[in-house]
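Build the 3D model from these lines:
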Amino acid sequence: MERSKRRIELPVCLLFSFFLSVPQFVEAAANGDTNPSSDASIHLGYPQDWSFRHVVFTGNNDSATLKAGRTEPRHVYNLVKRRAAIQAAKGTRPPQNPMKVDWSISLENGFVPADQYPALYTADVTTISCNGDYAVYALTVTSGSQANLVGVNNLYTGGSTVCNGGSPFVAFAYNTVTQTGGQITTSPAISEFGGKIAFVETSPAGSFFHVLLLPPLTSPPSLPNGTVLSPSTPTSCATLSAPNCMTTVQISAAGSPTSPWIDYGADTAYVGTGDGKLYKISPVFAGGAPVVAADADWPVTVITPGPGVTTVLSAPVVDDGAGRIFVGDVNGYLYAINLATPAKTIAASLGIGWVASIQAGTGIVDSPFAVTDNANPAVDQIFAFTGCSSVVGIGGAITQVPASFTSSTAVTTSNTVDLGSSDGQGSCTGNNVYSGNFDNEFWMNGTTNGHIIACGFVSGTTAAKLAPSNPKMYMFPFTAGQLTNSNLPTKSFVANGTKGDECSPLTEFFDGTTDRLFYGVGGSNGFLKSSTITTAAPFLTTSSNCSNGSPTASCVTAPHKLGGTSGIIVDNQLTAGGGANIYFGTLAPGSVNGQKCNVAGGSANPYCAVKLTQSALQ
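Down below sits the predicted model:
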């Protein structure tokens, strides 16, 4: 093979070394954004939150990914995570453990909503850290008598060398409420060096953006980090000057904020609020007092209020390559906003959902995906999900449009696939479709061999309508880089037999050997489930739908018939140290497969934060 045609993959450590030479990350470390239990000078860690799955850079190409990572570090973090899993999987296959919940921790009366996520920090991609690796849960709870921001470390209780006795610790627990009736209803974000957390509080007085500087994390923790039942209250500060210090800035007088999207390179956050506007806030992690931009460009009016119009946005997704921000709304529209000079207005809008008849399920309630596809490199691609499409004859849907779309771009059967409907002919079921995901083949090869997966609905018939319907999983290929409704799904199966239930957003992870999909199904018959994705057919496997309430090899009832799970996040693949885990929260109080998470002095049946090994779900 010619040397010029050989692809050389950098070792994970070297890949990170090149990446961390980028000036803004060195500057971030100099401004005190360091993991409170690691040395930033040899930093090999990375954060993970809701946003990382919404930007995809395909191709497994080191040089191209490093170049893109200068403005969007998520691309590098995503590649490093997959590369580390492949390296860790070399040699013997991890043991196939029986299904079990590794641990669950009481969140008392607080929970992470179905379309929101905990966040995770991995201090070193090459080894576990009992102190520095932590998961953080932002909780929907208004009471100041318990914590609403809870961090857990000492995560690895099943490794060959367990951490500190094999029990997780609440590393920090804060009551961050600053307003009467304030609560966190969206997902938090962690700084690239792990020492700071950004999140949004909503209250009757409006929306408020916070950044918290963590104390040194130890296991077991030391006071004043707090407990869930007896939380610590952060000190208020103009700038992040000391541990346990939190900055606060009001975003808007409107509530219903979105999760913050952090532009790490620009040290800027973007947040939508219930007044239909998108706001820009900076600085975030690199130092200084956060300020909400108010100038000729910001804030941007995305939705103009009017009769029958709901001004609630999905969380924004920034695509630096396209120079745009993408956001959906509950009315069914997908919007593009110019990143550099928006001039307070949108650049384009498309009716993806059935905007002519706004009803339950017709909106874009979850953030779109922005994909840089090596098989289709001319323009980035945007994927949006809705419970009822604007395309006649299609019900729930995935729509693919170029990132350069205009308001006149057509939404048709040529760029939209069907995820089921109440009558099999496009009628709504009344349920939402949250974001799907791509298989590992897509991450490695893009649309050439890859697939997209989403959870839609079982279709009824004209004579026997199913509204609401029950959830069904679909897996689609691409034709010449494009989704089209002429392509039948390569695999589909009924995810749950209970009408009215919905799937959580889908989480995919390739552990170096096996590609897996993790998802919760919520409603009257809640559970968490996994499926194996193979490329032979290709095929998406399933087993029982958990309707009997008993745990199986691919099903965790968490807890059964009590709401399902939040979004799911995955840690590292360091199986020898106890990694290869998934993290989520329950959506109703109760035990998880018979394992109660209650603590002395607390509720007998609280909500739970749960960790489960991936290999237990197969």
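
Please identify the buried residues of stretch 234-248?
Burial within stretch 234-248, assessed by neighbour count using 16 or more other Cβ atoms under 10 Å, is assigned to P234, C237, L240, P243, N244, C245, M246, T247, T248. Every residue, glycine included, has its C-beta placed from N, CA and C.

again, but for stretch 335-349
Those would be Y335, A336, I337, N338, L339, P342, I346, A347, A348, S349, for stretch 335-349 by 16+ other Cβ under 10 Å.

Could you find which two of those are furthest from each other?
L339 and S349 (16.4 Å; Cβ to Cβ).

where along this protein do the helices fall?
Along the chain, the segments classed as helices by DSSP state H run 12-19, 23-30, 62-69, 74-89, 440-445.

Where among the ones you listed is average confidence lowest?
Ranked by mean pLDDT, the helices of the chain end with helix 23-30 at the bottom, a mean of 48.

measure the spatially closest residue to I190 that is not a sequence neighbour to H75 for me?
If you skip the residues right next to it in sequence, I190 has P47 as its closest partner in space, 3.8 Å away by Cβ to Cβ, 6 or more residues apart in numbering. Relative to H75, P47 is positioned 14 Å away (Cβ to Cβ, to the nearest Å).

Relative to S230, how far out is L574?
Taking Cβ to Cβ, one finds L574 at 33 Å from S230.

before we move on, what about P224?
The value you get for P224 to S230, if Cβ to Cβ is used, is 10 Å.

Quick check: neighbours shared by the two?
Taking Cβ atoms under 8 Å, 6 or more residues apart in numbering as the contact definition, P224 and S230 share no neighbouring residue.

Just give me the neighbour total for A588.
A588 has 17 neighbours, counted by other Cβ atoms under 10 Å.

Nearest spatial neighbour of A238, chain-adjacent residues omitted?
Distances taken as Cβ to Cβ, 6+ apart place A289 nearest to A238, at 5.0 Å, with adjacent residues excluded.

if I pick that neighbour, what's in contact with it?
A238, T239, T247, V249, P283.

From those residues, pick the one nearest D380.
P283 (26.9 Å).

Confirm for me that that closest one is in contact with D267.
Yes - here P283 reaches D267: they are 4.8 Å apart, a contact under Cβ atoms under 8 Å.

I'd like the distance between N572 and L334.
If you go by Cβ to Cβ, the gap between N572 and L334 works out to 34 Å.

again, but for Q573
Relative to L334, Q573 is positioned 34 Å away (Cβ to Cβ).

Could you report the distance from the closest residue in space to A356 that isn't next to it in sequence to S408?
Of all residues not flanking A356 in the chain, S390 sits nearest, at 7.3 Å (Cβ to Cβ, 6+ apart). Using Cβ to Cβ, S390 is found at 14 Å from S408.

Those two: who's more crowded?
Neighbours per residue, other Cβ under 10 Å: of S390 and S408, the larger number sits with S390, 23 against 7.

hang on, that one packs against G351?
Yes - taking Cβ under 8 Å as the definition, S390 is a contact partner of G351 at 4.7 Å.

Need the residues touching each of those two.
With contacts defined as Cβ under 8 Å, 6+ apart, the residues shared by S390 and G351 are G332, V411.

And stretch 303-315, what's buried?
Neighbour-count burial for stretch 303-315 [16+ other Cβ under 10 Å]: I303, T311, V312, L313, S314, A315.

and of these, the nearest to T186?
Nearest to T186 among those, with distances taken as Cβ to Cβ, is A315, at 7.1 Å.

Enumerate every residue touching the closest one.
Counting by Cβ under 8 Å, 6+ apart, A315 has contacts W50, S51, T186, S187, T258, S259, P260, W261, G272, V327, S367.

contacting residues around T416?
Shown in contact with T416 (Cβ under 8 Å, 6+ apart): S389, V391, I394, A397, I398, T399, Q400, L483, N485.

and it, how far is that from S282?
36 Å.

for Y77, same thing?
Y77 is 21 Å from S282, by Cβ to Cβ.

cool, and A294?
12 Å.

quick one: which of the two has more around it?
S282 (17 against 10).

Return the set of residues that bridge with the more buried one.
Per DSSP bridges, the residues bridged to S282 are V291.

Touching, it and A269? I think so.
Yes - contact criterion Cβ under 8 Å: S282 and A269 qualify, at 7.0 Å.

what touches both of the two?
Common neighbours of S282 and A269, counting by Cβ under 8 Å, 6+ apart, are P290.

ok, back up a step: mind listing which of the contacts of T416 are in strands?
Using DSSP state E, the members of the contacts of T416 that fall in strands are A397, I398, T399, Q400.
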